[in-house]
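*Asks:* Quick one: sequence plus predicted model below, questions after.
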Amino acid sequence: MALLSGPRLLLVLAVVAMAAPRHASAAGGGGGNPTAGFEKVELTAGDFQVQSPYNVPESQRFQYRDGVRTFWVYKTDKPFNTATHTNPRSEVRLRGHDYSSGVWQFEGYGYVPSGTSGVSVMQIHNEEGAAHATVLMLHVYDGVLHFYSGAVVEPGIYDRWFRLNVVHDVGASTVAVFVDGEQRYSASVTPSESYYFKFGVYMQHHDQSSCMESRWTNVTLYTKH
C-alpha cells in the first residue's frame, strides 16, 4: 500500500480528528491546567457511592457504561432513603476522602442534555448535621450553569462535554470554579468541620424539568497541603 504524504496526509489526519468522539476531545481539557501543583488522589470503584430513589432499582436511575456514569431522576421520584425528606436525586457521594484541611480539587468531564433544568449537578457537602448542608452547589437552569441559583458560572452548558474543576481552599474558606480550563467564578464560603464531593443530579426547588439528567466521566480528585 502506498504511503501518504504532503497535502493528502494532512487531509486524512484532519478527517480522523474531526471524527473523534466529543467526550474524548473534551478529555484534553481547556486552555489552562487548574491541577498544576496538585497531587492526584487515587480513587477506587468503591469510593463512588450511588444514591438514588429508594423505591426503584438503582439501574433505573443510574448507568455506568464505557467509563461514563449517567444519572437521571424524575421530579415525582422518592428521596434516596425513607429517613429523609430531601428532593429526588441520583448522584455519587465520593466516600473515603472527606477532608477538613488543605486545598482540594474536583475534576470531571460533564454533559447535560437539553431540557434538563432545576437541578444541582455537582456539590461540596458539609459533614452530616452541619448548620449549612453545602459550601458549593452548581445548578443548571435552562442551559445555564449557576452558583446555587445566583451568579452565572457558564452559559450554554447544554449538549456538550465540558471540563469542570472546582477548587476548595479550606484554610482561606474560598471556592473557585473552572470550566474548560478557565476560571469562571470564585467566592468566599462559610467554613464547616469537614467536607466531601458529590456529582450527578439532585432536584432543586424551582424551574425543574420533568426529567433531569447529567453524564460524567474521568472524575478525579486532587489535593495539596
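*Replies:* Everything's here; your move.
*Asks:* going forward, measure contacts and count neighbours with C-alpha atoms only.
*Replies:* OK.
*Asks:* in its sheet, what does the longest strand along the chain sit against?
*Replies:* Using DSSP state E to define each element, the chain has its longest strand at strand 211-224. Looking at strand 211-224 with DSSP bridges, its partner strands are strand 39-41 (antiparallel), strand 68-74 (antiparallel), strand 103-111 (antiparallel).
*Asks:* Quick one, which of those gets closest to Y148.
*Replies:* If you check each of the strands paired with strand 211-224 against Y148 by Cα to Cα, strand 103-111 wins as the nearest, at 17.1 Å.
*Asks:* And the next helix or strand past that closest one?
*Replies:* Going down the chain from strand 103-111, the next helix or strand is strand 119-126, by DSSP states H and E.
*Asks:* which residues touch H146?
*Replies:* By Cα atoms under 8 Å, 6 or more residues apart in numbering, the contact set of H146 is 138-140, 152-154.
*Asks:* for E213, that is, sorry about that
*Replies:* Applying Cα under 8 Å, 6+ apart, one finds that E213 lies in contact with 70-73, 112-113, 116, 200-201.
*Asks:* repeat that for 10 Å
*Replies:* Going by Cα atoms under 10 Å, 6 or more residues apart in numbering, E213 touches 61-62, 70-74, 90, 111-117, 119, 121, 200-202.
*Asks:* Ok, Y64 next?
*Replies:* Per Cα under 10 Å, 6+ apart, neighbours of Y64: 70-71, 215-217.
*Asks:* need the contacts of H146 in JSON lines with secondary structure, distance to H206 and pLDDT, can you?
*Replies:* As requested, these are exported to JSON lines (DSSP: H, G, I helix; E, B strand; the rest coil; distance: Cα to Cα, whole Å; pLDDT from 0 to 100):
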{"residue": "L138", "secondary structure": "strand", "distance to H206": "14", "pLDDT": "98"}
{"residue": "H139", "secondary structure": "strand", "distance to H206": "11", "pLDDT": "98"}
{"residue": "V140", "secondary structure": "strand", "distance to H206": "11", "pLDDT": "98"}
{"residue": "V152", "secondary structure": "strand", "distance to H206": "16", "pLDDT": "98"}
{"residue": "V153", "secondary structure": "strand", "distance to H206": "18", "pLDDT": "98"}
{"residue": "E154", "secondary structure": "strand", "distance to H206": "19", "pLDDT": "98"}
